[in-house]
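Asker: Provide a 3D model corresponding to the input given below.
(2 chains)
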Amino acid sequence: MKCPILLVAALSIVTVSNAQKFFTKTGKISFDATAPKSPENIDGVNKNSICVIDTKTGDIQFSVLMKGFEFDRALMMEHFNENYVESDKFNKTTFKGTITNNESINYSKDGVYPAKVKGKLDMHGQSKELETEGKITVKAGKVIVNANFVAQFDDYKIVIPQLVADKVAKFAKIIVDCTLDPLAK
Amino acid sequence: MKNKKIIYRLIAIVLFLILCVGIFAYREYNRKNVNLSDTKAAYTLTEMQLIEEFTKDQDASNKKYLGKILELSGNIKKIDTDANGYHTVILGNAVNMNSVRCSVDSAFNKEAHNLLVGSPVVIKGICTGYNADDLGLGSDVILNRSIAIKK
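Answerer: Have a look, this model is predicted:
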């Protein structure tokens, strides 16, 4: 009678370690748009980003709700939402792409792997090709995605008024830090 | 003489106005996010009602709820803790894939330690949007800066 249980247990272990997809709903994506001479930091963080990786195909997807960005100052958050990204109209920013060197990443072996990602970033109603490098860390059955890249506001038709040009830069550094769990099917 | 008096008065009024504007600007600039524990919720409902409304009509619900403070009563399906120790309380039932994800206000993170999976709870948070189920992971309504309030 013990055999079927062992078999089920063994099978489930196999499926976990061979999970094809990894995901998170609590990914951290932050941005920093502080101009070089600004007296204060212009930055925000979103802790509810969705990220999914398909390890077989190398497909990678992000989805971020713009209203979910948190700021230290309430006024900064209001300006961000109302004037810059217009989150009432464009609340969701998505990235869909592929890891171009996916075959060099061994998702079943712990380690740090450099990753090249190419895809499309949809933000503020504009769509733009994006290519960046990051790293993928495989650790204890989890996949950690880290990447930094720059988004130019011009490309996404985000207008920064002259009045605050000394504080807000013309681009945002975007920092991705997501820890993904295997998707149990 | 009379003219001088008027001018002095005008100067005083202008200075006073500048001061007012200055104080207002300073306070506005340094304004912190509202503390949800002493702010009244715009809507009070159950987590199932909220999910249903968003599933039925996302655009209308976005208009109605985005950026608003909601007070939700429901059952705790799961509590996620990220690498930095921040909690997300997930409301819903085990049968349904859809849920409300309440990311806990970092100032109230300690209180969230005492919450138990499977127990009822009332949570206040700011609605930041809805993620439809395009990835096969269930759809979610997201609340930010959530706090659990005692029943």
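
Asker: CA atoms for contacts and neighbours, from now on please.
Answerer: Noted.

Asker: Against B:Asn75, how distant is the spatially closest residue to A:Phe31 that is not a sequence neighbour?
Answerer: Closest residue to A:Phe31 apart from its sequence neighbours, by C-alpha to C-alpha, 6 or more residues apart in numbering or on different chains: A:Ile174 at 4.4 Å. For A:Ile174, the distance to B:Asn75 equals 35 Å [C-alpha to C-alpha, to the nearest Å].

Asker: Kindly report the same for A:Gly58.
Answerer: Applying C-alpha to C-alpha to A:Gly58 and B:Asn75 gives a distance of 36 Å.

Asker: same thing with A:Glu40?
Answerer: 41 Å.

Asker: More neighbours: those two, which one.
Answerer: B:Asn75 (22 against 10; other C-alpha atoms under 10 Å in any protein chain shown).

Asker: Where does pLDDT dip in the chain?
Answerer: Reading this off chain A. A:1-18, A:185 (pLDDT under 70).

Asker: Chain B was what I was after
Answerer: In chain B, residues with pLDDT under 70: B:1, B:134-135, B:150-151.

Asker: mind running it again at 90?
Answerer: B:1-5, B:26-40, B:58-59, B:80-87, B:92-98, B:105-116, B:118-119, B:131-139, B:148-151 (pLDDT under 90).

Asker: All the helices of it, residue numbers only.
Answerer: B:2-29, B:47-56, B:58-65, B:109-112 (DSSP state H).

Asker: want to throw the ones you listed into CSV with distance to chain A and mean neighbour count?
Answerer: Listed next are the helices of chain B as CSV, based on distance: least, C-alpha to the nearest C-alpha, whole Å; neighbours: other C-alpha atoms under 10 Å in any protein chain shown:
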stretch, distance to chain A, mean neighbour count
helix B:2-29, 6, 11
helix B:47-56, 15, 17
helix B:58-65, 8, 15
helix B:109-112, 14, 16
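
Asker: Map the structural domains onto the sequence of chain B.
Answerer: Using automatic domain parsing, the domains assigned to chain B come out as B:1-31, B:36-149.

Asker: contacting residues for the residue nearest the centre of chain B?
Answerer: The residue lying closest to the centre of chain B (C-alpha atoms, centre = their mean) is B:Ile126, at 2.1 Å. For B:Ile126, the contacting residues are B:66-70, B:143-146, by C-alpha atoms under 8 Å, 6 or more residues apart in numbering or on different chains.
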